[in-house]
Structure formats: structure tokens, C-alpha cells
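**Q** quick one, what's the 3D model for this:
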Amino acid sequence: MSGLKLTEIWIYPVKSLGGIRLKSAKVFEKGLEFDRRWMLVDRDNDFMTQRIYPKMALFKLSMSQDQLSINYKSDSIPLVPANSSNLTLTKAVVWDDEVEVAEVSDEHNRWISERLGVSCRLVSFPENNSRPVDLKYQLNHEHVSLADAYPFLIIGEQSLADLNSRLKEPLPMNRFRPNFVFSGGKAYEEDTWKHFAIGKNKFAAVKPCARCVLTTVNQDTGEKGVEPLLTLSKYRKQDNKVLFGQNLIAIDHYEIHEGDEIILN
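**A** Numbers count the residues shown, from 1 in each chain. Take a look at the predicted model:
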């Protein structure tokens, strides 16, 4: 027994909106099922995130029997996965990547724009559309969803505990938007992982996660502060990047469950 256990599973269906905690999830090449398969784009078809629009944190997602909804205060609107056979595709930009996406509906655009206070459109990323992972970190020509760069992110509870021991006010894990949280082991030991299994699924750790100002947005209020970047920069900086968490690629694509044991190879 390794003593390492998967304690939380999270998806973020719409990039940079609220996450959903699940008891189990299907592992796909691009990421967990429904994870970052939608995003908001501006008038130039550039992706939008809490980095520029911190109020996006106030839009929460929920799922009931595979039915997704976007919620804002007491209002909600359903979110239906795209049927890729009859979509009109358009181009959008995520960082340095140009991707083909489909606009969801005028109703969704209006609903979100009115509440966000910014003109935007909701687009979906069909499962079969291409977006290769950076060639330097591919193992088998993997592709990724609309996540920043990699299909999965894992963080240890001990890593957050160590960070919180250095902060005046402790922060929740939702500042870091992981897909997987685990218990056991030492703080930051995920930095050293290469190949490991969570339950039936084998994963490869390919690159530490470089953090940005999004981590400074309070996910309950949508307000920006200075932490945790200020503190992390004092002891987690490497090559001018602040690192926290580990990016992963999946070797297997089975269902994953809260409570699964983690075995290091």
C-alpha cells in the first residue's frame, strides 16, 4: 500500500467558470468527461478567463444525472453537449492555439453577457476536434480540451497545507483548479512523479504547473488579491515561473473514482 489516495475529482465544464466535484468520472484523452469542453470568447474570438474577468468566478456549474447547468445567483441555464454531426464551426484562440469551436446559442450568449456585464459568446469544443498537446510533452500524440495546455492537473493535500502554513489566511484548493486531489505523502511530492496509477488508470506526469493571477481570485466573491502568488513566489519559483501542482497525460481511459489508491511506478 502506498498510503496515497485520490480524495477529490473536479471538472470545470466551461473554462474559467466554477467547478463541479464528482464521485467518479470518465477519463478521456483530452481530459475528464465534460472538463473544459466549453469556453467564453470575446468579439475577437479570443478566450476569456478570470485573469481579466474575475467576475467569471461567480458563475457556478452543477450536474444532475449528466445534465449540466450554468448558475448565476438564483438564475440558471442548461448546458447541453454538442452534437458534432450538425455543427457550424468557427475559429477561436486559446493562448497560441487556434481551435475549431461551435457557438452554443444566441440565448446562452445573451444570458451570460447580461450577467457578466461584458459582451461574450459561449462556444463548445467537439470531442473529435484537434488541439495537440505541446510536442515536447506528448507521449502518444495526445490532444487536450480547452484547458490551458494539459489534460489533467493533480495537487496533494499536503502541498496546500504547507502553503497555508505560510499564509496569514489559509486558502481553499479551488484557487488552483485541480482535476485530482490526493491525500498522503509529503508536500510537493507530486513534483517528482513520473509514471503512476490512480485505480485502473495509468498516468504520466509531464510538467509542473506554472501559476498565474487567476489563483489570486476569490472564487466566492470574484475579488482579486495578492495571495497565494506573493508567498509562492518566495519559495516555489523556478525559471521565473511559480510552480504548484503537476500536469498529467492519461495512458489509460477508464472510469476513475474518489477513494482510488495511487500507486507510484
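
**Q** in the stretch 151-265 of the chain, which spans are strands?
**A** Assigned by DSSP state E, counting those that start in this stretch, the stretch 151-265 of the chain shows strands spanning 152-156, 180-183, 195-198, 201-210, 237-238, 241-250, 255-257, 261-264.

**Q** quick one: contacts of the shortest one?
**A** Spelled out, it's strand 237-238. P208, L243 (CB atoms under 8 Å, 6 or more residues apart in numbering). Heads up, the C-betas are built off the backbone N, CA and C, glycines and all.

**Q** from the middle of its chain, how far away would stretch 252-265 be?
**A** Its chain's average C-alpha position is 18 Å from that of stretch 252-265, according to CA atoms, centre = their mean, to the nearest Å.

**Q** one step back: let me have the strands of the stretch 151-265 of the chain in CSV, extended by mean neighbour count and distance to L40.
**A** Shown next, in CSV, are the strands of the stretch 151-265 of the chain (neighbours: other CB atoms under 10 Å; distance: least, CB to CB, whole Å):
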stretch, mean neighbour count, distance to L40
strand 152-156, 24, 20
strand 180-183, 22, 25
strand 195-198, 19, 30
strand 201-210, 19, 22
strand 237-238, 12, 30
strand 241-250, 22, 23
strand 255-257, 18, 27
strand 261-264, 16, 34
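
**Q** tell me the contacts of the closest residue to R37 other than its chain neighbours?
**A** Closest residue to R37 apart from its sequence neighbours, by CB to CB, 6 or more residues apart in numbering: F125 at 5.2 Å. Counting by CB under 8 Å, 6+ apart, F125 touches R36, R37, W38, M39, A82, V99, V101, R131, S145, L146.

**Q** now with 6 Å?
**A** R37, V101, L146 (CB atoms under 6 Å, 6 or more residues apart in numbering).

**Q** report the buried members of the residues you listed.
**A** Neighbour counting with 16 or more other CB atoms under 10 Å marks R37, V101, L146 as buried within these.

**Q** could you single out the nearest of those residues to N71?
**A** Proximity of the buried ones among the contacts of F125 to N71 was ranked by CB to CB; the top entry is R37 with 17.6 Å.

**Q** what would the buried ones among the contacts of F125 look like in CSV with distance to L58 and pLDDT?
**A** Below are the buried ones among the contacts of F125 laid out as CSV (distance: CB to CB, whole Å; pLDDT from 0 to 100):
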residue, distance to L58, pLDDT
R37, 21, 97
V101, 23, 96
L146, 20, 98
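
**Q** can you list these in TSV and add distance to D191 and secondary structure?
**A** Shown next, in TSV, are the buried ones among the contacts of F125 (distance: CB to CB, whole Å; DSSP: H, G, I helix; E, B strand; the rest coil):
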residue	distance to D191	secondary structure
R37	29	coil
V101	33	strand
L146	26	coil
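
**Q** quick check, nearest of those residues to E107?
**A** Nearest to E107 out of the buried ones among the contacts of F125 is V101 (CB to CB; 17.3 Å).

**Q** can you tell me how far that closest one is from I77?
**A** Separation of V101 from I77 (CB to CB, to the nearest Å): 18 Å.

**Q** swap in L61?
**A** According to CB to CB, L61 and I77 sit 11 Å apart.

**Q** please apply the same query to V94.
**A** V94 is 23 Å from I77, by CB to CB.

**Q** higher neighbour count, these two?
**A** The neighbour comparison of V94 against I77 (other CB atoms under 10 Å) goes to V94, with 23 against 17.

**Q** what stretches of the stretch 51-200 of the chain score poorly on pLDDT?
**A** Residues of the stretch 51-200 of the chain meeting the criterion pLDDT under 70: 82-86.

**Q** got a list of what Q50 touches?
**A** S16, M56, A57, L214, V217.

**Q** and with 10 Å instead?
**A** Contact analysis of Q50 by CB atoms under 10 Å, 6 or more residues apart in numbering lists 15-17, 56-58, 177, 212-217, 219, 222, 224.

**Q** do the same with S16
**A** By CB under 10 Å, 6+ apart, S16 lies in contact with 36, 39-40, 47-54, 56-57, 59, 146, 148, 177, 214, 217.

**Q** helix/strand/coil for N128?
**A** Assigned by DSSP: H, G, I helix; E, B strand; the rest coil, the conformation of N128 is coil.
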